[in-house]
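Asker: Here's a sequence, model it:
(one chain, ligands or ions: 1)
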Amino acid sequence: MCNINALLLSFLCVCFYQPNFAETAFSVYAKPDTIAIKLKNKETEALVRNLLKECKPGTIPYIIQQTFGSSTEIHLSINDFLQLPDSIMAIAIEGNVNRDKYVSSILVNKEALQFSTDAYLASVFLHEFLHIYLKFTRPNTLFNDHEEMANDHLKLLENSLKVAFPNLSQLEREALSWGGLHATSAWKTLVQKNRKKAVYMFGFCERERVNLLPKENQTLAMAAQ
Ligand SMILES: [Zn+2]
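Answerer: Numbers count the residues shown, from 1 in each chain. Below you'll find the model as predicted:
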């Protein structure tokens, strides 16, 4: 959730093969090596796989699966990365052509996310997926992804969280969707218009980012689990 030249504000890596995926409408796209996920934390890796499996129309996993799960010429990888500052949860790296293949990757700060809830982790990956998609659809441009996300894609983020975590309230989904977007003009406008709501949402997001409760005591759980 930062801007570093070719690095684009988010994170994640995947080796994607779901045995049951062949039974879904999208199975035709499930090439084993087009989305490669390899994370040290296997719970997080499973969460990402579940997230990508829940690719219903109108969600970010759906457009990622449609784009990066559809061709052996376009690759997305999701991996741990040890060199990220504590404040950066993940980074999405803009794709480049490598041996005739378009390759994008998401790098994950596993240390910074070690106490995060599943819902927060999902919000981070959705955010990074969106970076990857935006860069893929308009390469080599200087758009400010975060401003665009905050202005145009909050509902897409919220809908994606709703599919994965139906027990989250609308306000909680909105709070998590603002993750990484607190430096945008849209967020500043929200703070000016409704400071009480902004304070609540920011606090909720931070509590989900660092949650020291045992897993069994956390109220949030992925729908698929
Ligand atoms: Zn970002």
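Asker: Let's see the longest helix along the chain as PDB, backbone CA atoms only.
Answerer: Longest helix in the chain by number of residues (criterion: DSSP state H): helix 118-137. Presented in PDB, the C-alpha positions along helix 118-137 are these (Å, rounded to 0.1, in the frame of the first residue of the first chain):
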ATOM      1  CA  ASP A 118      -8.900 -13.600   7.600                       C
ATOM      2  CA  ALA A 119     -11.200 -10.800   6.500                       C
ATOM      3  CA  TYR A 120      -8.300  -8.300   6.700                       C
ATOM      4  CA  LEU A 121      -6.000 -10.600   4.700                       C
ATOM      5  CA  ALA A 122      -8.700 -11.000   2.100                       C
ATOM      6  CA  SER A 123      -9.100  -7.200   1.800                       C
ATOM      7  CA  VAL A 124      -5.400  -6.900   1.200                       C
ATOM      8  CA  PHE A 125      -5.300  -9.500  -1.500                       C
ATOM      9  CA  LEU A 126      -8.400  -8.000  -3.200                       C
ATOM     10  CA  HIS A 127      -6.700  -4.600  -3.100                       C
ATOM     11  CA  GLU A 128      -3.600  -6.100  -4.700                       C
ATOM     12  CA  PHE A 129      -5.600  -8.000  -7.300                       C
ATOM     13  CA  LEU A 130      -7.300  -4.800  -8.300                       C
ATOM     14  CA  HIS A 131      -3.900  -3.100  -8.700                       C
ATOM     15  CA  ILE A 132      -2.800  -6.000 -10.900                       C
ATOM     16  CA  TYR A 133      -5.900  -5.800 -13.000                       C
ATOM     17  CA  LEU A 134      -5.800  -2.000 -13.400                       C
ATOM     18  CA  LYS A 135      -2.200  -2.100 -14.600                       C
ATOM     19  CA  PHE A 136      -2.900  -5.000 -17.000                       C
ATOM     20  CA  THR A 137      -5.700  -3.100 -18.600                       C
END
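Asker: How about it, which residues are buried there?
Answerer: Going by neighbour count (16 or more other Cβ atoms under 10 Å), the buried part of helix 118-137 is 118-136. Heads up, the C-betas are built off the backbone N, CA and C, glycines and all.
Asker: same deal with stretch 132-151?
Answerer: Neighbour-count burial for stretch 132-151 flags I132, Y133, L134, K135, F136, D145, H146, M149, A150 (criterion: 16+ other Cβ under 10 Å).
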